[in-house]
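Asks: model the structure of this input:
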Amino acid sequence: MSADDQAFLDVLSSIPTDAKRYSGDVADYIDKQVEKAADLLKDTLAKAPWIPESIRPRPPPPEPPKLIALPSSAYEKVQDWVTKHKILTGVIVLTTGIVVYRTYRNSRYCRKTRRAKRARSGGRLEVVVLAGSPTLPLTRSLSLDLERKGFVVFIVCNTIEDEIMVQNLARPDIRPLTIDITDPPSAGSSIERFAHYLQDRHSPVPGAKHHHLTLKAVLLIPSLAYQTSPIATIPPSSFADLFNTHLLHPILTIQAFLPLLTARLGSSDKAPPKVLVFTPSIISSINPPFHAPEATVCSALSAFTEVLAAELRPLSIPVTHIQLGTFDFQGFTPEKSHQTAQQQRPGNSYQPGLLMGPAENAETPLAWPESARHAYGRNYVSQSASAIAVGRIRGLRGSSLRSLHNAVFDVIDGSNTSGVVRIGLGASVYGFVGRWVPRGLVSWMMGIRRVDELASWSSSGGDSPRAGSAGSSSGSAGGMDYVSVPVGDLPGGADVWREL
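Replies: Numbers count the residues shown, from 1 in each chain. The predicted structure is shown next:
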C-alpha cells in the first residue's frame with residue numbers, strides 16, 4: 001500500500017470522531033436555545049392577561065441576591081484561627097490552666113495558717129529538736145521561725161560555746177540540749193533526761209492546768225560548708241575530718257535519738273514524731289568536678305536517709321528528706337563572714353544558698369603544687385565562674401526563707417507526706433539536669449576543657465599532689481604523718497604514701 005492510500009485511510013478513520021464532536025456541539029447549542037425559548041414563552045404566558053389564573057404558568061423564581069462580604073468581627077477571627085490551629089490552641093489552653101492552678105494553689109498555700117497546737121491553758125504543747133550547729137544560718141532561721149509559730153525548740157549543743165550561742169538568741173522557748181555524741185553513755189543519759197522532761201507536768205503560769213509535752217519532730221541539719229578542690233590536693237587528714245564532722249556526726253546524732261523516737265513515751269494515741277534530714281542537693285545532683293567532699297557526703301547521707309526511712313516505716317515513723325536548693329541567708333550571715341566568703345571564693349562569687357556560712361575551707365589554685373596547677377587550675381577557675389557549678393542563677397539571690405519555713409511546717413504537721421521534698425532555687429532543675437542531661441554536656445557547660453600540656457613529674461615532696469597546701473610535703477590523718485615515696489625508690493615505679 002502506498003503512502004497516499006494510507007493518508008486517505010487516516011482521513012476516513014477520523015471522520016466519525018469529528019462528526020461525533022460536531023454533533024455534540026450542535027446538540028448543546030440547540031438545547032440552550034430551546035431552553036431559552038421555553039423560558040421566554042413561559043414568561044410571556046405568565047404575564048398575558050387573557051390566560052386564566054388556574055392554568056397560567058408560574059414565573060421562574062427570581063435570582064437570589066448577591067451576598068456582600070462584611071468584615072469579620074474579632075470573635076469570628078479568633079474562631080477561624082482556633083479552627084485552623086487546633087493543636088496549638090490545645091497547648092495554650094493546657095499551659096494556661098496549669099499556670100492558673102499553680103497560682104491558685106500557691107495563693108492558698110501562702111494564706112494557710114500555720115500555728116502549733118496549744119494547751120487549754122495557753123501553754124505550748126509541741127516540741128521540735130534541731131540537731132544542727134547553732135552557727136549555721138539554716139539552724140538559726142528554722143529555730144526562730146518554729147518558735148514564732150508556737151513550738152518549743154531545742155537545739156542540740158556539743159560544746160559550751162554552742163550553748164552560749166543558743167542563749168544569746170534571747171528566746172525563752174529556744175533552749176539548748178546538751179548531748180555529747182562522741183560519748184555514747186553520756187549521750188544516752190542526756191536523751192533519758194530529755195525524755196523525763198517531756199513526761200513531766202508543765203504549766204505556763206503557776207496555778208494553771210498542767211499538761212505534758214509532745215515531741216513532734218527531729219530535724220537533722222548537717223554542716224553545709226564544704227571544701228572545693230581537686231581530689232589530688234586534698235590531704236588524707238581533710239577527708240578524715242570531713243567524714244567525722246559531716247557524715248559520722250549526723251549519723252551518731254540520729255542514732256542517739258532513735259530510742260526516744262520509737263518509745264512514743266508510753267502513749268500510743270499520739271501521732272509519731274517525724275524525722276527530717278536536710279542536705280544540699282545541687283552539687284550532689286550533677287557531681288561536678290572539684291566537689292568531691294560535698295558530692296561524697298551528700299550522696300552518703302541520701303543513702304543513709306533511704307535506709308533509715310525503710311527501717312522506721314514499719315514503726316509508722318515518717319522520714320522526710322529535704323533537698324535544699326539556693327536560699328537567701330543574707331539576714332542570718334554576719335557582714336564580716338559575708339565579706340570573707342566573698343574574698344575567699346574563686347572568682348569572687350559568694351553562694352549564700354550553698355555555703356550557708358563562712359568559706360573557711362575555700363582554696364585557690366595558688367596554694368596547690370605546681371603540677372596540680374598545670375593539671376587542674378584552668379578548669380577549676382572556669383567551673384568556679386560558671387552558673388551551673390556555683391548552684392545558682394546569676395542575678396538572683398535565691399529563694400525566700402519563707403518557702404522553706406512553710407515546707408518544714410507542712411511536713412511536721414502532716415500536710416505534706418512526701419518522702420522527698422525539694423525546696424529552693426535550683427533544687428528541681430538541677431535534679432532534672434543530673435538525671436537526664438549527659439555528663440559530657442554538663443561538664444562543657446561548666447567550662448571544663450581538655451588539658452593538652454601537663455607538668456613533668458617531680459619527685460619532691462612539696463610537689464606531691466596529696467600535699468594539701470603550698471610549702472607542705474606531708475599530711476596527717478588520725479595523728480599519723482605521710483610522705484610521698486619517689487618512683488625510683490619502689491619496685492614497679494608506683495607512687496604511694498608511706499607512714500613515717
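Asks: how far does stretch 138-156 sit from its chain's centre?
Replies: Relative to the chain's own centre, stretch 138-156 is displaced by 25 Å; criterion: Cα atoms, centre = their mean, to the nearest Å.
Asks: domains for the protein, by residue range?
Replies: Annotated domains of the chain cover 118-202+210-445, 461-499 [automatic domain parsing].
Asks: dump these to a markdown table, plus mean neighbour count.
Replies: The C-beta positions use only the backbone N, C-alpha and C, and glycine is treated the same way. Formatted as a markdown table, those follow (neighbours: other Cβ atoms under 10 Å):
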| stretch | mean neighbour count |
| --- | --- |
| domain 118-202+210-445 | 18 |
| domain 461-499 | 15 |
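Asks: and those domains, which one's lowest on average pLDDT?
Replies: When the domains of the chain are compared on mean pLDDT, domain 461-499 scores lowest, with a mean of 41.
Asks: on that earlier part again, Gln79: which of the domains of the chain is closest?
Replies: Between Gln79 and those, the shortest separation by Cβ to Cβ is 38.2 Å, and it involves domain 118-202+210-445.
Asks: next one: the closest one to chain centre, how far?
Replies: Once both centres are worked out by Cα atoms, centre = their mean, domain 118-202+210-445 turns out to sit 16 Å from its chain's centre.
Asks: measure that domain end to end?
Replies: Using Cα to Cα, to the nearest Å, one end of domain 118-202+210-445 lies 52 Å from the other.
Asks: stretch 125-136 now?
Replies: 26 Å.
Asks: repeat for stretch 107-117
Replies: OK, stretch 107-117 end separation, Cα to Cα: 24 Å.
Asks: mean confidence for it?
Replies: The pLDDT scores in stretch 107-117 average 78.
Asks: tell me which residues of it are tucked away?
Replies: Buried positions in stretch 107-117, judged by neighbour count with 16 or more other Cβ atoms under 10 Å: Arg114, Ala116.
Asks: can you list contacts of it?
Replies: Arg124, Leu125, Glu126, Leu146, Lys149, Gly150, Phe151, Lys216, Asn406, Phe409, Asp410, Asp413 (Cβ atoms under 8 Å, 6 or more residues apart in numbering).
Asks: could you list which of the residues you listed belong to strands?
Replies: Within those, residues falling in strands by DSSP state E are Glu126, Lys216.
Asks: filter the contacts of stretch 107-117 down to just the ones in helices.
Replies: Among the contacts of stretch 107-117, the members found in helices (DSSP state H) are Leu146, Asn406, Phe409, Asp410.
Asks: Asn287 is in contact with Ala295, isn't it?
Replies: Yes: with contact defined as Cβ atoms under 8 Å, Asn287 and Ala295 form a contacting pair (4.7 Å).
Asks: which parts of the stretch 1-150 of the chain are strands?
Replies: Counting by DSSP state E, counting those that start in this stretch, the segments of the stretch 1-150 of the chain that form strands are 126-132.
Asks: dump the domains of the chain into TSV; add distance to Lys84 as well.
Replies: Shown next, in TSV, are those (distance: least, Cβ to Cβ, whole Å):
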stretch	distance to Lys84
domain 118-202+210-445	34
domain 461-499	66
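Asks: how about those, which one is nearest Trp81?
Replies: Nearest of the domains of the chain (Cβ to Cβ): domain 118-202+210-445, 33.8 Å.
Asks: ok so Ile317 is a strand residue?
Replies: No: read with DSSP: H, G, I helix; E, B strand; the rest coil, Ile317 is coil and lies in no strand.
Asks: what sits against the nearest residue to it once chain neighbours are set aside?
Replies: Nearest residue to Ile317, sequence neighbours excluded (Cβ to Cβ, 6 or more residues apart in numbering): Pro272, at 4.9 Å. When contacts are counted by Cβ under 8 Å, 6+ apart, Pro272 touches Leu261, Arg264, Leu315, Ser316, Ile317, Pro318.
Asks: surely the fifth one touches Leu260?
Replies: Translated: Ile317. No: contact status for Ile317 versus Leu260: not in contact, 11.0 Å apart, counting by Cβ under 8 Å.
Asks: and the gap between the residue nearest to Ile317 and Leu261?
Replies: Separation of Pro272 from Leu261 (Cβ to Cβ, to the nearest Å): 8 Å.
Asks: the residue most central in space within the chain sits in which helix or strand?
Replies: By Cα atoms, centre = their mean, the chain has its centre lying nearest to Ser428, at 1.6 Å. In this assignment (DSSP states H and E), Ser428 forms part of helix 427-436.
Asks: what's in contact with that helix?
Replies: Ser281, Ile282, Ser285, Ile286, Asn287, Gln323, Leu324, Gly325, Ile388, Gly391, Arg422, Val442.
Asks: let's see it at 7 Å
Replies: Residues from elsewhere that reach helix 427-436 (Cβ atoms under 7 Å, 6 or more residues apart in numbering): Ser281, Ile282, Ser285, Ile286, Gln323, Leu324, Gly325, Arg422, Val442.
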